[in-house]
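**Q** Return atomic coordinates for the entry below.
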Amino acid sequence: MSGGSSEGAVRNRKAKKDGLEPHKPTAAQEVLAAAKSTLKPLHEAIPPSTTIRSGYRAAFFVITALSFFTRGWGIHDPGQVVFDEVHFGKFASYYLRREYYFDVHPPLGKLLLAAAGWFVGYDGHFLFDNIADDYKENNVPYIALRMLPASCGALIPPIVFLTLKEMGLSLAGATFGAMLLVLDNALITQSRLILLDSMLTLFAIISIYAWVKFQQQRRTPFTRKWYTWLSVTGIALACTAGVKMVGLLTIATVGVAVLFDLWDLLDYRRKLTMREFTRHFAARALCLIFLPLGIYLSFFYVHFAILTKSGPGDAFMSPAFQDGLKGSDLATNTSSIPFYANITLKHRDTSAYLHSHINTYPLRYEDQRVSTQGQQVTGYPHRDINNHWVIEPANPELYPALEEYVPTEEEEKRDVRYVRNHDLVRLQHARTSSYLITHDVASPLTPTHMEMTTIILNGTARYNETLWRVETLDGEPGDKLRSKRSHMRFVNVVHKVAVHCHKGILPDWGFGQQEINGNKNLPEGFNVWYADEILHERIVNGTEIEVDETSAERELAPRKGLSFLQKFAELQGLMVAHNAGLTKPHPYSSTPITWPFVLRGISFWERKEGLRQIYLLGNPIIWWTSITGTVMYAAMWLIDRLLLRRGLDDFGPHVRNWWDKAPGFLFICWALHWIPYFTQGRMLFLHHYQSSFIFSVMLTTCVIEFVCLRVSEPMSVAADRHQRRISLPGIAAVRQGGIVYWSIIALLLATAAWSFAYFAPLTYGTGFTTIEKLRSRKWLNSWDLQHA
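**A** Alright, predicted model coming up:
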């Protein structure tokens with residue numbers, strides 16, 4: 001019974017008792033009483049009705065359909081290799097050819113691309129060598145390959161819709177947040193090509209969704225549903241890290257949530273025994289650590305099982321690893337290295353040759369540091385006469401500390417001396433007859449490293465500085481060095497630095513070649529070289545002559561094969577090192593601080609005819625709105641805490657509980673997927689913000705709904721009882737919003753839709769009829785559009 005009708009009945013009973021005529025309400029009072037009886041209080045929680053449930057289902061269907069449409073429309077165009085398809089399409093082809101390759105990313109995403117190609121009968125004959133290579137001319141099923149990442153990208157908005165719904169948002173709010181992602185140009189562009197980012201983001205979003213569902217089961221621990229959602233969270237985390245290593249950010253996010261969860265369980269007011277708490281801890285460790293780790297390892301197991309043939313990635317791996325590959329050069333094109341041989345040294349990680357030429361370092365660098373003006377020593381990626389060095393033994397008369405050399409019976413018989421592990425050698429540049437040397441002068445690009453140069457010795461004054469100790473990565477002292485097989489570092493006897501190849505490119509005075517310097521950190525991976533070509537009278541076509549088969553077979557005896565875990569550890573270490581080494585400047589790189597404001601995009605593809613181009617650019621209306629909402633949340637949270645400190649509780653405990661656990665969790669997701677990039681030294685791009693952007697949109701949706709449909713305290717008993725039943729107390733369970741809220745949502749979506757359509761020609765590469773129309777899309781000068 002409503003409050004108005006109850007008060008009227010009391011008055012009428014009192015009037016009858018006093019012998020008076022019952023009070024007749026006025027027309028206005030009748031209207032007010034009727035309104036009170038039909039309208040529920042704004043603070044009273046009402047479970048979603050059947051109509052609302054149907055509305056959620058209909059919205060989910062519409063969002064999914066629109067998402068697939070925006071990602072799949074015109075996916076056949078352009079029928080050319082676009083941007084990083086040159087890499088990930090190539091890797092998929094290597095899987096189908098079973099040829100070993102190396103990449104800085106884990107294998108799951110590329111395995112899925114290869115599976116899509118295999119499913120449609122693709123055999124990997126095309127290697128995606130150049131951007132703009134034609135797919136149709138080369139009979140490549142590129143539409144099927146593109147549909148996989150497009151489908152992954154299309155599933156992101158529906159999963160976000162479900163996540164917002166489970167977090168307690170209204171139908172309008174959940175639909176609004178998902179539709180913003182449907183209409184984002186950057187997410188569409190990134191999803192329509194043979195790239196990994198849509199897979200990465202999908203698995204990350206599924207991880208968060210599964211964690212939210214798990215939290216809803218916290219009142220019924222150790223049940224089937226509880227374990228199911230906890231396991232799904234772990235599986236999704238493994239898949240996230242299995243696509244790209246930045247998936248570790250998602251793992252860190254869930255890890256923080258787990259810590260808060262365990263801390264809450266440890267509270268004495270929860271009345272859990274230590275045995276019960278230990279059981280909770282063990283379950284989370286099993287499902288969120290050991291299960292994901294096992295799945296992550298399985299991706300690499302499949303990776304190694306498929307890639308059994310020698311391929312372009314051989315050179316990155318150790319000789320022991322390469323021995324396990326069919327057709328490896330290590331078994332067919334290798335020889336011992338004799339002293340006084342003319343050799344070329346190739347860098348293991350960058351494939352650059354140790355190179356020198358007559359040109360010298362400038363007297364002063366741009367930062368005003370002074371050099372020795374010595375002969376340049378650089379890294380050069382192509383075969384060249386200036387790559388050749390003569391390897392000589394140290395002279396015991398000039399270096400008395402040298403151990404006496406005693407030739408082996410084999411060397412006496414062949415009248416030759418071989419280079420062995422831990423020998424002291426000199427490297428004479430064959431073209432200029434100067435010797436490789438380093439000294440205590442800062443290198444051009446890396447002031448903490450020593451300059452590398454060559455000198456022509458006049459006397460013996462600096463003889464010791466030309467001595468280098470050869471140290472192989474495996475093997476014993478005295479083992480013979482072999483071309484291609486022996487991975488080695490050269491350590492200067494005097495300065496104790498290794499010959500290091502830096503990925504940095506020298507300025508014009510260095511002809512754009514790589515810097516070579518002396519590195520004090522001897523174990524670093526970028527200090528490793530191998531002898532690629534050997535020129536000597538005893539070696540013909542890479543094979544030593546006058547060597548009996550028995551002796552050759554003994555020297556080339558297969559090493560003990562590496563175990564799976566050894567292979568995994570080696571590859572994982574190389575992935576981390578190379579990922580950190582991606583510092584080469586790129587014309588479309590950007591800094592993390594610019595990403596939320598979409599200050600720079602990335603040009604993926606362009607064709608002057610028709611002014612066509614694909615330019616990765618976020619929908620500016622959505623991006624600017626999302627970062628505004630994210631900042632608003634932080635400000636509102638801080639103000640609430642300050643007011644609470646002063647005894648002013650404006651939110652109330654129930655609203656604050658939701659405010660901290662739903663939007664607060666999304667804020668942590670946004671921050672942990674963005675802030676760590678500020679610590680990275682590698683080249684970064686706008687698409688690295690993709691996951692953070694999605695969490696920012698979800699957070700902004702929560703803020704908008706909170707502002708428009710704020711729940712006030714005190715709450716009714718029914719509302720309190722309902723909110724205790726759900727994990728994340730949600731305002732959607734309280735209100736679905738009226739005409740004003742729906743109108744605000746519709747207006748914002750209409751604005752976002754207009755912006756999406758306005759920038760769609762850059763998303764789909766459909767082009768412009770005039771240069772003026774293209775230039776009108778350049779809202780910021782930092783948007784480096786082609787032809788604009």
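**Q** Just the C-alphas of stretch 108-119, formatted as CSV.
**A** C-alpha atoms of stretch 108-119 as CSV (Å, rounded to 0.1, in the frame of the first residue of the first chain):
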residue,chain,number,x,y,z
LEU,A,108,49.3,-18.2,-30.6
GLY,A,109,48.1,-15.4,-32.8
LYS,A,110,50.2,-16.6,-35.8
LEU,A,111,49.2,-20.2,-35.2
LEU,A,112,45.5,-19.1,-35.5
LEU,A,113,46.3,-17.3,-38.7
ALA,A,114,48.0,-20.3,-40.1
ALA,A,115,45.1,-22.5,-39.1
ALA,A,116,42.7,-20.2,-40.9
GLY,A,117,44.9,-20.5,-44.0
TRP,A,118,45.2,-24.2,-43.7
PHE,A,119,41.4,-24.5,-43.4
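**Q** Tell me the buried residues in that stretch?
**A** 108, 109, 110, 111, 112, 113, 114, 116, 117 (16 or more other C-beta atoms under 10 Å). Just so you know, the C-beta spots here come from the backbone N, C-alpha and C atoms, and that holds for glycine as well.
**Q** so where do the helices sit in the stretch 501-650 of the chain?
**A** Remark: helices assigned in the stretch 501-650 of the chain by DSSP state H, counting those that start in this stretch are 549-555, 564-580, 620-645.
**Q** And the longest one, what does it pack against?
**A** In this structure, helix 620-645 packs against helix 171-182, helix 653-661, helix 663-672, helix 690-708, helix 739-764, with contacts taken as 3 or more C-beta pairs under 8 Å, 6 or more residues apart in numbering; DSSP states H and E.
**Q** wait, which of the buried residues of stretch 108-119 is closest to residue 228?
**A** residue 108 (22.0 Å; C-beta to C-beta).
**Q** which residues of the stretch 301-450 of the chain fall in helices?
**A** Using DSSP H, counting those that start in this stretch, helices in the stretch 301-450 of the chain cover 319-322, 329-332, 409-414.
**Q** Kindly format the C-alpha coordinates of the first one as PDB.
**A** When you say that, I think you mean helix 319-322. Below are the C-alpha coordinates for helix 319-322, written out as PDB (Å, rounded to 0.1, in the frame of the first residue of the first chain):
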ATOM      1  CA  PRO A 319      73.900 -24.000 -32.800                       C
ATOM      2  CA  ALA A 320      72.500 -26.600 -30.400                       C
ATOM      3  CA  PHE A 321      69.000 -25.400 -31.300                       C
ATOM      4  CA  GLN A 322      69.800 -25.300 -35.100                       C
END
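**Q** pLDDT on that helix, on average?
**A** Averaging pLDDT along helix 319-322 yields 87.
**Q** what does the last one give?
**A** Per-residue confidence for helix 409-414 averages out to 88 on the pLDDT scale.
**Q** neighbours around the closest residue to residue 372 other than its chain neighbours, how many?
**A** Excluding the flanking residues, the one nearest residue 372 by C-beta to C-beta, 6 or more residues apart in numbering is residue 441, at 5.4 Å. Counted by other C-beta atoms under 10 Å, the residues lying close to residue 441 total 16.
**Q** Show the pLDDT at residue 441.
**A** 91.
**Q** Same check on residue 554?
**A** pLDDT at residue 554 comes out at 49.
**Q** The strand or helix carrying residue 109: what's the following helix or strand?
**A** Element membership for residue 109 (DSSP states H and E) is helix 108-119. Later in the chain than helix 108-119, the nearest helix or strand by DSSP H and E is helix 142-166.
**Q** Counting neighbours, what do you get for residue 308?
**A** 14.
**Q** Give me the phi and psi angles of it.
**A** phi -100, psi -10 (degrees, to the nearest 10).
**Q** what about it, distance to residue 567?
**A** For residue 308, the distance to residue 567 equals 12 Å [C-beta to C-beta, to the nearest Å].
**Q** Please enumerate the shared neighbours of these two.
**A** Between them, residue 308 and residue 567 share no contacting residue under C-beta atoms under 8 Å, 6 or more residues apart in numbering.
**Q** got a list of what residue 307 touches?
**A** 94, 95, 98, 99, 100, 101, 313, 325.
**Q** For those, give me a markdown table that also has neighbour count.
**A** Below are these laid out as a markdown table (neighbours: other C-beta atoms under 10 Å):
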| residue | neighbour count |
| --- | --- |
| 94 | 23 |
| 95 | 22 |
| 98 | 14 |
| 99 | 22 |
| 100 | 26 |
| 101 | 20 |
| 313 | 20 |
| 325 | 20 |
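**Q** any idea which of the residues you listed is closest to residue 607?
**A** residue 94 (28.5 Å).
**Q** Pull the contacting residues for the closest one.
**A** Contacts of residue 94 by C-beta under 8 Å, 6+ apart are 100, 101, 124, 307, 311, 312.
**Q** The helix or strand containing it to helix 108-119, inter-axis angle?
**A** For residue 94, the host element (DSSP H and E) is helix 85-97. Helix 85-97 runs at 60 degrees relative to helix 108-119, counting by axes from the mean of the first three to the mean of the last three C-alpha atoms, to 10 degrees.
**Q** Run the angle between helix 85-97 and helix 142-166 for me.
**A** Going by the same axes, to 10 degrees, helix 85-97 makes 110 degrees with helix 142-166.
**Q** can you give me the offset of helix 85-97 from its chain's centre?
**A** When C-alpha coordinates are averaged (C-alpha atoms, centre = their mean, to the nearest Å), helix 85-97 and its chain have centres 18 Å apart.
**Q** hey, C-alpha coordinates of it in PDB?
**A** The C-alpha trace of helix 85-97 is given here as PDB (Å, rounded to 0.1, in the frame of the first residue of the first chain):
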ATOM      1  CA  GLU A  85      50.600  -7.900 -42.900                       C
ATOM      2  CA  VAL A  86      54.100  -8.100 -44.400                       C
ATOM      3  CA  HIS A  87      55.200  -9.700 -41.100                       C
ATOM      4  CA  PHE A  88      52.200 -11.700 -39.700                       C
ATOM      5  CA  GLY A  89      51.100 -13.000 -43.100                       C
ATOM      6  CA  LYS A  90      54.700 -14.200 -43.700                       C
ATOM      7  CA  PHE A  91      54.800 -16.000 -40.300                       C
ATOM      8  CA  ALA A  92      51.600 -17.800 -41.100                       C
ATOM      9  CA  SER A  93      53.100 -18.900 -44.400                       C
ATOM     10  CA  TYR A  94      56.200 -20.200 -42.600                       C
ATOM     11  CA  TYR A  95      54.000 -22.400 -40.400                       C
ATOM     12  CA  LEU A  96      52.400 -23.900 -43.500                       C
ATOM     13  CA  ARG A  97      55.800 -24.500 -45.000                       C
END
